[in-house]
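Undergrad: Build me a model:
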Amino acid sequence: MMTSAEIRKQFLDFFASKQHHIVPSAPIVVKNDPTLLFTNAGMNQFKDYFLGNKKPAFNRIADTQKCLRVSGKHNDLEEVGVDTYHHTMFEMLGNWSFGDYFKKEAIAWSWELLTEVYQLDKDRLYVSIFEGDEKEGLPRDEEAFQEWKKIVPEERILLGNKKDNFWEMGDTGPCGPCTEIHVDCRPDEERKKISGKSLVNNDHPQVIEIWNNVFMQFNRLKDGSLQPLPAQHVDTGMGFERLVRVIQGKQSNYDTDVFTGTIAATEKITGKKYDFSDSREAIAFRVLADHIRAIAFTIADGQLPSNNGAGYVIRRILRRAVRYYYTYLDYKQPLLFQLLPLLADQFAAVFPELKTQLEFVSKVVREEEDAFLKTLDKGLKRIDDIIAHSEQKIEGKAAFELFDTFGFPIDLTRLIAAENKLEVDESGFEAEMQQQKNRSRAAGTVDTEDWIVLLTDGMNEFVGYDSIEIRTKVVKYRKVSAKGKKGFQLVLEASPFYAESGGQVGDTGTLDFEGELIRVTDTKKENNLIIHFTDSLPANIAAGVMAKVDGHRRQAISIHHSATHLLHAALRKVLGNHVAQKGSLVNEEQLRFDFSHFAKMTPEEIAEVTSIVNDKIRANLPVYIKEMGRDEAIQMGAMALFGEKYGDTVRVVIIDPHYSIELCGGTHVGHTGELGLCRIRHESAVAAGVRRIEAVCGLAAETFIAEQFTEIQEVRELLKHPKDLSKAVESLVAELSEARKKIESLEARQLIITRNELLGKVENLQDIQFLGAVVEVSSAEGLKKLAFEFKTTLSHYVIVLAASVGGKAQVVILMDETVATTRNLEATKIIREQVAPLIKGGGGGQKTLATAGGQDASNLSQVIEQVRLLLV
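TA: Take a look at the predicted model:
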């Protein structure tokens with residue numbers, strides 16, 4: 001039986017024999033494409049070729065691409081692991097033709113590979129072609145039909161509708177008919193009873209699509225119309241995991257050697273056995289085997305878990321996996337990170353980035369697991385309580401509480417609800433999310449109109465390394481709208497404007513159309529297209545234009561970019577070679593540099609790094625920039641960033657061959673002396689195993705030092721110009737600490753006095769001991785401490801204490817667990833619904849303890865009475 005590695009190799013070898021250039025997978029994390037967070041199809045890295053923004057170096061290409069999908073048709077996260085064939089991360093094998101061969105060769109080669117190389121049974125294969133669409137004015141794909149007739153019996157050629165057999169990149173863009181190859185994996189007895197022909201594209205788990213050949217012939221415009229493309233392309237995709245399953249004769253993707261090693265390792269770690277069933281335990285094994293791949297490779301490609309955007313997707317996947325092993329494999333400590341060495345070895349030959357960064361990825365995953373495990377148990381107890389008090393659905397507010405307080409993604413709440421035959425009020429959840437900043441959504445929707453093309457053969461060339469002012473022409477432009485503001489995007493035939501990428505912000509400047517100045521407010525990339533943002537258009541946009549970059553701003557940006565290279569090398573020298581760049585921001589005001597390191601830098605380490613960087617600045621070293629082959633650059637020691645896609649020819653920035661050599665597409669100074677001075681302003685943690693340095697150079701560094709000096713002078717004046725400023729500050733801090741201790745002691749005594757006075761005000765309301773009072777305390781924390789004083793002296797209690805602290809309202813509600821359960825009360829709900837409106841504020845907490853703060857302290861007595869009425 002062929003192994004999965006052999007199957008992958010045979011695919012690539014086959015197309016290499018057909019004169020295809022084999023290229024590596026693009027990173028799974030997408031950059032410079034506003035429409036995508038992750039690579040979700042094999043064609044993503046080639047979009048520029050299809051859109052005509054860039055000419056390919058090779059007309060024939062083949063690859064295996066890492067992809068990630070967690071939503072859309074057949075890719076909901078909840079389905080992964082429950083069935084046997086859906087995945088979050090998957091490999092997509094593909095062969096591509098850019099204006100070269102078309103349907104004849106693509107169809108013949110796909111059949112040759114499947115039946116002659118992989119030796120699949122021809123009797124189990126069916127093909128489908130586009131049947132046409134009257135509404136679109138599209139005829140049947142007669143060319144594909146005739147090519148298939150040369151190979152297979154006509155009864156095995158099925159007609160597919162637009163949904164199944166017409167592929168589109170999105171609402172607009174290249175598209176065309178496709179032909180699919182399907183395989184019937186059912187036992188012979190079943191095949192005799194029901195023809196596989198009737199099960200194609202009908203969601204049968206054993207009659208599946210194995211290969212899709214897309215023939216890009218049209219361009220979809222915004223008005224829905226179709227234009228023929230000037231060049232025709234082939235875009236094919238074959239799911240690797242499905243292919244392996246078919247060739248290895250398995251009934252489930254998880255039974256192939258792509259996943260069996262991970263499942264076996266999980267068995268060893270947990271002491272449980274995988275039984276191939278639909279039990280919750282078996283699903284947990286499949287979830288871990290799938291999710292660990294998505295988690296590991298996205299982190300290796302530079303995307304750290306976070307609370308927004310792509311980072312939140314990874315956090316959702318990781319937390320779903322943790323919940324499964326915690327609940328169904330009864331494993332209560334971090335597990336996922338233990339699977340990483342096996343995974344790194346398995347994919348070392350095809351995706352080596354995980355093996356290279358194994359220590360770093362393991363650290364990030366383990367810390368994420370640790371953090372979620374700390375809140376998971378409490379969250380599961382809370383959701384059990386919510387389920388016990390829910391009839392048909394979990395209310396939106398409860399789902400939001402699980403998200404906001406316990407870190408439960410909505411799909412995790414939905415999963416647990418489904419296991420208990422409940423639904424989730426998702427519209428209510430979304431309404432709650434709108435009341436705070438929705439951190440997992442994009443900042444806004446941009447509405448773009450169709451491009452208006454002025455030069456059909458115009459290229460889009462960046463010339464800004466050599467010149468910041470050139471005469472050029474507008475190739476095309478379009479109108480855009482975002483957040484109610486209208487603007488325009490222009491593409492120039494040649495542009496000196498650097499488009500935001502690699503951490504460096506985009507250039508600004510002006511476009512001079514025969515005396516009419518149009519300001520460029522930003523420059524970005526959409527795929528590889530350089531787009532210039534303006535607020536208006538000139539009267540004559542077809543006229544020649546003088547494009548001029550803001551030179552002073554560009555110089556300040558370049559200074560900070562060159563400084564990141566000096567800083568990176570210095571960090572590796574001081575902290576060790578494990579340091580690798582994990583992100584950066586370079587603008588005219590500062591640089592921000594994220595790097596892998598597992599401990600806070602000491603003041604001595606920061607001082608040493610600063611000293612090394614400034615030594616290199618004073619040496620006024622030349623900054624050499626060369627273009628060379630990627631392999632040559634790597635051999636000479638150039639550092640490449642994980643998660644970046646590099647071409648065969650790369651740009652290398654050299655600052656002393658023995659000090660810093662990096663692959664970089666950004667702009668730089670000519671000599672290090674132009675940086676003037678570098679000062680590190682701040683060092684902090686941004687994620688597990690990732691530190692951040694913020695620094696300034698040049699005029700920004702001078703300004704920073706001047707501000708620091710002014711602050712020190714002001715402190716000296718406040719302290720009456722002491723001889724030793726440090727000792728004077730230390731003495732002041734010690735005095736303040738001593739004063740605070742005395743205040744805390746006095747407050748503690750006062751709390752006891754207040755507690756004893758309040759005990760006489762306790763009421764009995766229907767077997768509940770109720771204490772409500774407006775008191776005097778110095779802080780919100782003091783109010784909470786006072787409430788806790790009654791926990792040991794009262795039983796079956798509800799305590800509501802309110803105070804005006806600094807003119808603002810503070811309220812705490814504390815109740816006994818038994819009262820909360822028997823009377824169906826929630827402190828958080830009372831705070832949000834009853835208290836917050838009265839004090840013009842907000843708050844939150846847990847079921848038995850919640851607090852609130854507000855601007856209006858005039859209604860505190862009414863707050864007490866409002867809660868009291870809930871109990872009578």
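Undergrad: Let me know how buried the residue nearest to residue 346 when sequence neighbours are not counted is, in neighbour terms.
TA: Excluding its sequence neighbours, the residue lying closest to residue 346 (C-beta to C-beta, 6 or more residues apart in numbering) is residue 261, at 6.2 Å. All C-beta atoms are positioned from the backbone trio N, CA, C, and that covers glycine. Using other C-beta atoms under 10 Å, residue 261 has 15 other residues around it.
Undergrad: A strand includes residue 261, no?
TA: No: remark: residue 261 does not belong to a strand; assigned using DSSP: H, G, I helix; E, B strand; the rest coil, it is helix.
Undergrad: does it really touch residue 341, like I thought?
TA: No: counting by C-beta atoms under 8 Å, residue 261 sits too far from residue 341 to count as a contact (11.1 Å).
Undergrad: pLDDT wise, what is residue 442 at?
TA: The model reports residue 442 with a pLDDT of 42.
Undergrad: Contacts for stretch 850-863 next, please.
TA: Here stretch 850-863 makes contact (C-beta atoms under 8 Å, 6 or more residues apart in numbering) with 774, 780, 783-784, 800, 802-804, 807-813, 827-828, 830-831, 834-836, 838-845.
Undergrad: Out of the residues you listed, which end up buried?
TA: 774, 780, 783-784, 800, 802-804, 808-813, 827-828, 830-831, 834-836, 838-839, 841, 843, 845 (16 or more other C-beta atoms under 10 Å).
Undergrad: Which residue is the nearest non-sequential neighbour of residue 321?
TA: residue 291 (4.1 Å).
Undergrad: and residue 51, what does it touch?
TA: 173, 174, 527, 529.
Undergrad: again with residue 162
TA: Listed by C-beta under 8 Å, 6+ apart, the contact set of residue 162 reads 130, 133, 136.
Undergrad: Just give me the closest of those residues to residue 541.
TA: The shortest approach to residue 541 among the contacts of residue 162 belongs to residue 136, at 32.6 Å (C-beta to C-beta).
Undergrad: got a list of what that closest one touches?
TA: Contacts of residue 136 (C-beta under 8 Å, 6+ apart): 162, 226.
Undergrad: mind listing which of the contacts of stretch 850-863 are in helices?
TA: 780, 783, 784, 827, 828, 830, 836, 838, 839 (DSSP state H).
Undergrad: Pull the most distant pair out of the residues you listed.
TA: Greatest spacing in those, by C-beta to C-beta: 784 and 838 (19.2 Å).
Undergrad: just checking, next helix/strand downstream of the lowest-mean-pLDDT helix or strand in the chain?
TA: The helix or strand of the chain with the lowest confidence, counting by mean pLDDT, DSSP states H and E, is strand 446-448 at a mean of 75. For strand 446-448, the following helix or strand on the C-terminal side (DSSP states H and E) is strand 452-453.
Undergrad: Need the pLDDT of residue 75.
TA: At residue 75, pLDDT is 52.
Undergrad: Then the one 10 residues further on?
TA: In the predicted model, residue 85 carries a pLDDT score of 80.
Undergrad: dump the residue contacts of it.
TA: 205, 208, 241, 242, 245, 252, 253.
Undergrad: same thing with residue 137?
TA: Here residue 137 is in contact with no residues (criterion: C-beta under 8 Å, 6+ apart).
Undergrad: For it, give its distance to residue 165.
TA: For residue 137, the distance to residue 165 (C-beta to C-beta, to the nearest Å) stands at 16 Å.
Undergrad: One more: residue 54?
TA: From residue 54 over to residue 165 (counting by C-beta to C-beta), the distance is 28 Å.
Undergrad: So which residues of the stretch 501-650 of the chain form strands?
TA: All strands of the stretch 501-650 of the chain, identified by DSSP state E, counting those that start in this stretch, fall at 509-513, 516-526, 529-534, 545-549, 581-586, 591-596, 624-629, 649-655.
Undergrad: so can I have a markdown table of those showing distance to residue 64, mean neighbour count and mean pLDDT?
TA: As requested, those are exported to a markdown table (distance: least, C-beta to C-beta, whole Å; neighbours: other C-beta atoms under 10 Å; pLDDT from 0 to 100):
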| stretch | distance to residue 64 | mean neighbour count | mean pLDDT |
| --- | --- | --- | --- |
| strand 509-513 | 42 | 20 | 96 |
| strand 516-526 | 25 | 18 | 94 |
| strand 529-534 | 26 | 22 | 94 |
| strand 545-549 | 40 | 22 | 96 |
| strand 581-586 | 26 | 22 | 92 |
| strand 591-596 | 27 | 22 | 94 |
| strand 624-629 | 23 | 13 | 92 |
| strand 649-655 | 22 | 19 | 92 |
